[in-house]
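# My questions concern the predicted model and sequence given below.
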Amino acid sequence: LDVDNKCNGSIEDLIKLIDTAPIAAKACRGGHGVGFYLLEKTAAGYAANRKNLSKEEMMGLLKSLKGYIFTEYSYPAQSIQEKIGKDAFAVMRLVTYYDQEDGTQIFGAMTRLGCKEAGVVTDYHGTIYCGIDMETGKTFKPIYRASDIDFKPIRNHPDTNVDLEGGITIPRWGELKELVQTISRYLPFTPYLVMDIIPTDDGFAILEINSHGQIRNMEAHFPGLKNKYIRKHFQVKD
């Protein structure tokens, strides 16, 4: 990487990083948050996914991780933390499609909000799915994931009681839409893109961009078969 401080990434180097700021450890292969770790320095020592560890235990965990990417852990913007709690996640999913005739289109946008029950990984028990209004950037139609087969409409956040029906606005929403459209125009040879993004206080942290990402978790807010570009891309016939 084009960075000034180059090192071999030893266990001690990783410990020094964790001493400075929370670190996200993500497996290079797999998905759905399997094997994800939030690594932190705490007053008592260290913590992995908010479970306290000694320095020796943290070093042991780091030594056991094979094929991992270590990056900074991104927190949602303060305006969102105030609505859902400072330890809860807020990860958006936006889907773009580059059409040869009509140019870049944003198919839909949703955000996965956390709560105390959800922990640090999205798309499991406790995750709250909200659509994002394409014009205003406000949340709508919140759905609580009680289990893999039990999704329930809710109105208020379970910890803060904030109204999620329009109660959260994604900061700098217009800038974000322009950003994802710019990326889509830059990559027309991969017309279908699914982007996972955290809105932060100083911009946006793009976690990943997939050319084969799933949209089923936003189906309740933006039905795929009702969108002509999704139908076109997946060659859906009437």
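Happy to help now that I have it. Note that the coordinates shown come from a computational prediction; the quantities given were computed from them, not determined experimentally.

# Please make it C-alpha for all contacts and neighbour counts, starting now.
Will do.

# where exactly do the strands run in this structure?
Using DSSP state E, the strands assigned to the chain run over residues 23-27, 37-42, 45-48, 51-53, 68-72, 90-99, 103-113, 128-132, 139-147, 150-153, 192-200, 203-210.

# Deepest in the core, which of these is it.
strand 128-132 (a mean of 28; mean count of other Cα atoms under 10 Å).

# what about this structure, any weak spots by pLDDT?
Along the chain, the model assigns pLDDT under 70 to residues 1-2, 6-8.

# list the helices and strands the lengthiest helix in it packs on?
What stands out as the longest helix in the chain, according to DSSP state H, is helix 173-186. Under the contact criterion of 3 or more Cα pairs under 8 Å, 6 or more residues apart in numbering; DSSP states H and E, helix 173-186 touches strand 90-99, strand 103-113.

# could I get those strands as JSON lines with distance to Lys228?
JSON lines is the format used below for these (distance: least, Cα to Cα, whole Å):
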{"stretch": "strand 90-99", "distance to Lys228": "11"}
{"stretch": "strand 103-113", "distance to Lys228": "9"}
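
# Including distance to Leu225, could the strands of the chain go into TSV?
Shown next, in TSV, are those (distance: least, Cα to Cα, whole Å):
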stretch	distance to Leu225
strand 23-27	32
strand 37-42	36
strand 45-48	41
strand 51-53	42
strand 68-72	35
strand 90-99	14
strand 103-113	11
strand 128-132	17
strand 139-147	19
strand 150-153	21
strand 192-200	15
strand 203-210	20
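
# mind checking which of those strands is nearest Phe222?
strand 103-113 (5.9 Å; Cα to Cα).

# Enumerate every residue touching the residue nearest the centre of the chain.
Closest to where the C-alpha atoms of the chain average out (Cα atoms, centre = their mean) is Val91, at 3.1 Å. Shown in contact with Val91 (Cα atoms under 8 Å, 6 or more residues apart in numbering): 76, 111-113, 196-199.

# so Leu39 touches Thr20, yeah?
No: counting by Cα atoms under 8 Å, Leu39 does not reach Thr20; the two are 11.0 Å apart.

# how about the CA coordinates for stretch 205-214, as CSV?
Presented in CSV, the C-alpha positions along stretch 205-214 are these (Å, rounded to 0.1, in the frame of the first residue of the first chain):
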residue,chain,number,x,y,z
ALA,A,205,-16.4,4.7,5.0
ILE,A,206,-16.9,2.3,2.1
LEU,A,207,-16.5,-1.2,3.6
GLU,A,208,-16.8,-3.1,0.3
ILE,A,209,-18.2,-3.1,-3.2
ASN,A,210,-19.5,-6.3,-4.7
SER,A,211,-20.4,-7.1,-8.3
HIS,A,212,-22.6,-10.0,-7.0
GLY,A,213,-24.0,-8.7,-3.8
GLN,A,214,-27.4,-9.7,-2.4
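
# which outside residues touch that stretch?
For stretch 205-214, the surrounding residues in contact (Cα under 8 Å, 6+ apart) are 74, 190-199.

# Cheers, nothing more for now.
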